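Visitor: Just need the structure, nothing else, for what follows:
(chains A and B)
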Amino acid sequence: MRASRVILVLALASSACGDPLVSVERIASLRALGARVEVEGDPARALPLPGETATVRFLVAAPEVAPSFGFGLVACEASPGEVGTPTCAGEPFSSVYTEPASDAPALTFTLPDAMAADGRVAVLGVLCEGEAPRTGSVPPVCNDGAIEHRVSLGLWLPGDEEPNRNPNLAEDAIAFDGEPLAATTPVEGACAGLGFVEVPERTNHRFSVALREGDRDALPAEDGVGPSREGLQVSHFSTSGELDRAFSYVSGNDSELSVSVDWKAPHGIGDGGHPVRFFFVVRDFRGGSAFTERSLCVVP
Amino acid sequence: MSPVIFRSSALLAVLLCTALALPAFAQENEVGAETVVPPRPKNASRVRVPEGTTLPSGGVLLELAITERGKVQSATVIESQGPKWDALALERAQLFEFEPAQRGGVPIAVKVRYLAEFELEPPAQSQSVAEPGFPPPPPTPAPAAKPPEPLAAGHLEAFEGMTTVEAPPREVTRRSVDRETLERVPGTSGDTLRGIELMPGVARTSLGFGDPILRGAAFNESQTFLNGTPVPFLYHFGGLKSFINSRLVDRLDLYPGNFSPRYGRVAGGVIEVRTRDPEGDDFHGAVDLNLIDSSVYAAAPAGDKVNVAAAVRRSNIDFFFENFVPEDAYSIVAAPTYYDYQLLGVYRVDAATRLRLLGYGSRDSIELFFREPPDDDPAIAGRVEGSLEFHRLGLELETGRGTRSSTTVGVTAGRIVADQHFGELKQRFSGLELHGRAETRHELHETLNFALGADFFGWFLDGRYHGPRPGQLEGDPRNNDPLASRSTISVGGEERIDTIRPAGYLELGFRPIPELLLAPGARLDYFGDLRHLSVDPRFAVRYEFPQGTALKAGVGYYTQALEFWQSMPVVGNPDIDPWRALHTSAGVEQRFGDHAEIGVEGFYKHLEDVVVGTPNREEPYFENEGEGRIYGAEFSGRARLEDGFAEVAYTISRSERREYENRYRLFDQDQTHILVLAAEHGLGGGFRLGARYRLISGNPTTPVESSVYDATTGIYVPRYGATNSERGPMFHQLDVRFEKEWHIGPVELAAYIDVQNAYNAQNPQGYRYSYDYSEKEAVTGLPIFPNLGLRGEL
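Guide: Numbering: from 1, shown residues only, chains lettered A, B, ... in the order given. Okay, the predicted model is just below:
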């Protein structure tokens, strides 16, 4: 019964929370925004089985279009435990350490045949701004003095259950003020007249993210205590302007599969316009994920 | 018959047999009252009121409990003359002194009936301060008046051989505060139970963080009892108001450690709340309206032998949220509410037998709506609601009241419900609870008495839980991690959770010489859910010098019951055991007449086999691999003023724990220094003013050293430094209470303002972090809060 009090207290404590200190929806520096796992030969599947090969790709965003960073990634069997981020129980079965570049961090790994079918895989990594990570470090770390950003991904293997599948963001999934917003190649500097959707500074707009019914996998019954279907978190970020929040949520029971978020264009824009990039990530909290990027041009 | 039903039936049988057998045993050992020499009043006199006052037709008949030192321990109205005259008589009775009653030449504690009569002041006395409720008479020069004459012993009516059995000294340290004092503690809005914050050994808890912290024990390691029955929680919303109306409270006893074998299943401290039997021939009522809540109380006789009292209270917080907080002020619309109720009936079968029926209940509920998931924890989305409630009905039979052999048997049954939804996380546990207690006390000889008892704790719950895996209750900063970052588990829905815990206890009081009291005892607990039997031996000693000095010491073992879920499969470890603590303490008390006392006490506690969480919450999730040590000293001073009180309490202590033989760390709410100063006094003319000041060390904190982005959930997970290796700044706060009373006929009206945090101290309660934990800022506690209220009493 004490635990129940803790939850009640959490509710009370949460009610006292205000806005975060630093806006999470604003991309003000290099950071990871998500990761997607695709099983070789079945890219819609997010969880490999023992003996299968999969690739994990991290979505990294920065104010610059092509930030320079090195990364290190390892995949290993996770230590037992259900709190915090996972750690390696033994030697990684796959790893990569790169020199600084702008490539999206990715790692391909093959699960050992002997791994338990309901075991847990840990993918641990680090992003080093302008530098390479320390080769062979587990978990990966940057050299002393470098600005590092640690990342992790924990994957519970499905065991006897249906493998988890990735949600998807279709080409027309993102709408801007009611109109589909297609993906474009981002630019830096002046953007006016380059084919981007252009919006005046200080104006208010709305993004919508459309999900599909098939994006929410059924969940094991578990005595009917937990939800019967996945919920999906949609996170949204921008390099400029003001998004009114970072996260939206569609529960397993929601009939409405579209989420909307308002955005106010920045001001003080020069004549050539100012490009703004947006990142959208959908995840199911079980390792399934999808992400996409869009751009706009804000003009005076 | 299933094992569970068998155990339940067996315990009930024990309780029943005890109840039936003990009265007969009591009769065999009763000693005749004729050997007792009644107490003689030393300074009792008629109560004087200003000239011109219309005197009542008769006196107020009181029942006085007189200690073996001749002091009045408590006074109760038996025959009323109205609230004003009753209050006056009670106030004056507290100042009386007696030659103590004796049995065989040995002073003993007794109860007597005393008729308090009134007389008019002679003219020369009219310059004295008027009694409360009477207008001050104009100064009139006159010859010196004759002082009131002490009354003869014959003024004691109905002595009736009501010698009280002196119970064994149940504990080394019992700190008691009378209801009138507790109600006037500034900063508590008149809530009696929150008055325990005045006492040494009681740490400060923040709103929402549970029951009091007693001598460095976690909130779940201490227990509040109402008439001997454990209650699920002391405060609404973890600290706002207590669960019971103050007018039904007769006494509040705090046992911070080394308590009697009567109490068990906790290794920390005990708070015992005892209800006040409604008495008298008149109707009494009270209404209290303030910003926090509204309450109504009523008491009335129902025939010659029955009196009933009832009270109900509901919070007003939701009203203010809904009417005064603009919706766009928060991203959350909240409507927290609570209510509680009590119904107490007393049937006086005869002078020595009482039957009490007590029904009571409480409900806290909160509903929040997160229009947007917060940026620091996207798992919180949509509707967040929760409620905690219990409803109980209890019956208690007290026989041999006021004799040398007394027995009390009580059974309480009820229903308890905890229901929470946090987005898609949810839990609901509900079911029946059954509590019982049977206790008999006997004086075998003037040097030897004993108490024998049995009690029972039973919860029979159904429930479901889908939420984060719980960790150890204390000392794990990861409990504060965002919910979105924590793995969830699902349990329940199949089997009932039975928590059956019977116990028996025995304590002796042996006086080889009148000044020395030796009190050995033992408690036997069976934890049915864990199939574990524990035996806790305890011992207390007290030596009283004639000049009001007392030395005291105690040592004993105290077994801590587990939370029911800690041994549940999937959630916890069915193979863990209760853990226990060794309490030791020694101290000295010094009384200065009836009006002042000071005390100092040192203590050391060692905690053994404490249940802790496994390092990464891996199987088996909980183990008996913890240890703790708590030591310190408590200083207290109390002065009873003519029309008020002054209190000082200071505690210096250190509470440390460790897991798996790691280095000792500080307890989550270790507070090195706790200083509380409080005073309250009448200003004349019905005005009263009080203040309380607290200066307390900040709680330990765990630094966040870095964070890791968790791509599974999309949020950052903090990486902590050494647990509780830093400490927050000092807490300091001044609370002020100002009250004005009016007496209009039989009605007493009062308007009050109880200002918490009067100078608006910005006391940090913790920190909040940026999404990636690269920045933090302090979260301060409640700002200045003036609680305005009106109270009417008949």
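Visitor: Pull the contacting residues for B:Pro200.
Guide: Taking Cβ atoms under 8 Å, 6 or more residues apart in numbering or on different chains, we find B:Pro200 in contact with B:175, B:256, B:601, B:634-636, B:649-651, B:674, B:676. Where C-beta positions appear, they are placed from N, C-alpha and C, glycine not excepted.
Visitor: so which of those comes closest to B:Gly359?
Guide: B:Arg175 (29.0 Å; Cβ to Cβ).
Visitor: thinking that closest one is in contact with B:Gly257, fair?
Guide: No - at 11.1 Å, B:Arg175 and B:Gly257 do not qualify as touching, with contact defined as Cβ atoms under 8 Å.
Visitor: returning to what we had before: among the contacts of B:Pro200, who's most crowded?
Guide: Using other Cβ atoms under 10 Å in any protein chain shown as the neighbour test, the contacts of B:Pro200 are led by B:Pro256, with 31 neighbours.
Visitor: Please look at that residue and B:Gly269 and confirm they touch.
Guide: Yes - the pair B:Pro256 / B:Gly269 is scored as a contact, 4.4 Å apart, by Cβ under 8 Å.
Visitor: Convert stretch B:305-315 to PDB, retaining C-alpha atoms only.
Guide: Extracted in PDB, the C-alpha atoms of stretch B:305-315 (Å, rounded to 0.1, in the frame of the first residue of the first chain):
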ATOM      1  CA  LYS B 305     -25.500   5.500  29.900                       C
ATOM      2  CA  VAL B 306     -24.800   6.200  26.300                       C
ATOM      3  CA  ASN B 307     -23.000   9.100  24.700                       C
ATOM      4  CA  VAL B 308     -22.200   9.500  21.000                       C
ATOM      5  CA  ALA B 309     -20.000  11.800  19.000                       C
ATOM      6  CA  ALA B 310     -19.600  12.300  15.300                       C
ATOM      7  CA  ALA B 311     -17.400  14.300  13.100                       C
ATOM      8  CA  VAL B 312     -16.900  14.800   9.400                       C
ATOM      9  CA  ARG B 313     -14.500  16.900   7.400                       C
ATOM     10  CA  ARG B 314     -13.900  17.700   3.800                       C
ATOM     11  CA  SER B 315     -11.100  19.500   2.000                       C
END
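Visitor: pLDDT averaged over it - what is it?
Guide: Stretch B:305-315 carries an average pLDDT of 95.
Visitor: Got phi/psi on B:Glu91?
Guide: The phi/psi pair for B:Glu91 (degrees, to the nearest 10) reads phi -60, psi -40.
Visitor: Count the residues that sit near it.
Guide: 17.
Visitor: Give me the pLDDT value at it.
Guide: pLDDT at B:Glu91 comes out at 77.
Visitor: Quick check: it vs chain A, distance?
Guide: For B:Glu91, the distance to chain A equals 40 Å [Cβ to the nearest Cβ, to the nearest Å].
Visitor: just B:Gly58 next, same as before
Guide: 51 Å.
Visitor: could you pull out the helices for chain A?
Guide: A:2-15 (DSSP state H).
Visitor: can you list the weak-confidence ranges in it?
Guide: Applying pLDDT under 70 to chain A flags the ranges A:1-20, A:221-225.
Visitor: Contacts only, for whichever residue of it sits closest to chain B.
Guide: Using Cβ to the nearest Cβ, the closest approach of chain A to chain B is made by A:Gly81 at 2.6 Å. Contact analysis of A:Gly81 by Cβ under 8 Å, 6+ apart lists A:87, B:614-618.
Visitor: Let me see the contact set for A:Pro186.
Guide: A:65, A:275, A:277, A:293, A:295.
Visitor: just to revisit the earlier point, for the contacts of A:Gly81, which one is nearest B:Val384?
Guide: Of those, the one sitting nearest to B:Val384 (Cβ to Cβ) turns out to be B:Arg617, at 23.7 Å.
Visitor: Tell me the secondary structure at the closest one.
Guide: Secondary structure for B:Arg617, judged by DSSP: H, G, I helix; E, B strand; the rest coil, is coil.
Visitor: do B:Ser707 as well
Guide: Reduced to three states by three-state DSSP, B:Ser707 is strand.
Visitor: tally of neighbours for it?
Guide: 20.
Visitor: Likewise for B:Glu777?
Guide: 11.
Visitor: Which elements pack onto the helix or strand hosting it?
Guide: Using DSSP states H and E, B:Glu777 sits within strand B:776-780. Contact partners of strand B:776-780 among helices and strands, from 3 or more Cβ pairs under 8 Å, 6 or more residues apart in numbering or on different chains; DSSP states H and E: strand B:764-769.
Visitor: so what secondary structure elements neighbour the strand it packs on?
Guide: Strand B:764-769 packs on strand B:776-780, going by 3+ Cβ pairs under 8 Å, 6+ apart.
Visitor: which neighbours does the next helix or strand after the strand it packs on have in its sheet, and in what orientation?
Guide: Downstream of strand B:776-780, the first helix or strand assigned by DSSP H and E is strand B:785-793. Partners of strand B:785-793 in the sheet, by DSSP bridges, are strand B:284-290 (antiparallel), strand B:747-756 (antiparallel).
Visitor: And these: which comes nearest A:Gly288?
Guide: strand B:747-756 (49.3 Å).
Visitor: can you list the residues that contact that closest one?
Guide: Residues contacting strand B:747-756 (Cβ under 8 Å, 6+ apart): B:83-84, B:133, B:186-190, B:290, B:733, B:735-743, B:782, B:784-794.
Visitor: Taking those residues, please make a ChimeraX selection of just the buried ones.
Guide: Of these, the buried ones can be selected in ChimeraX as follows, counting by 16 or more other Cβ atoms under 10 Å in any protein chain shown:
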select /B:83,84,133,186,187,188,189,190,290,733,735,736,737,738,739,741,743,785,787,789,791,792,793,794
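Visitor: Quick test: name the residue nearest the centre of chain A.
Guide: Centroid-nearest residue in chain A: A:Gly34, 1.9 Å away (criterion: Cα atoms, centre = their mean).
Visitor: Can you tell me the number of residues neighbouring the residue nearest to it when sequence neighbours are not counted?
Guide: The shortest distance from A:Gly34 to any non-neighbouring residue, by Cβ to Cβ, 6 or more residues apart in numbering or on different chains, is to A:Val281 (4.0 Å). Close neighbours of A:Val281, defined as other Cβ under 10 Å, add up to 26.
Visitor: Relative to A:Ala32, how far out is A:Val281?
Guide: 10 Å (Cβ to Cβ, to the nearest Å).
Visitor: Does B:Leu358 touch B:Val346 like I think?
Guide: No - taking contacts as Cβ under 8 Å, B:Leu358 lies outside contact range of B:Val346: 9.3 Å.
Visitor: Which strand residues bridge B:Pro786?
Guide: Following DSSP bridges, B:Pro786 is listed with bridge partners B:Val755.
Visitor: Ignore what I typed, I meant B:Phe370.
Guide: B:Ile332, B:Gly382.
Visitor: measure B:Thr353 to B:Arg314 for me?
Guide: From B:Thr353 to B:Arg314 the distance is 36 Å (Cβ to Cβ).
Visitor: got the strands paired with strand B:785-793 as TSV, with mean pLDDT columns?
Guide: Formatted as TSV, those follow (pLDDT from 0 to 100):
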stretch	mean pLDDT
strand B:284-290	93
strand B:747-756	93
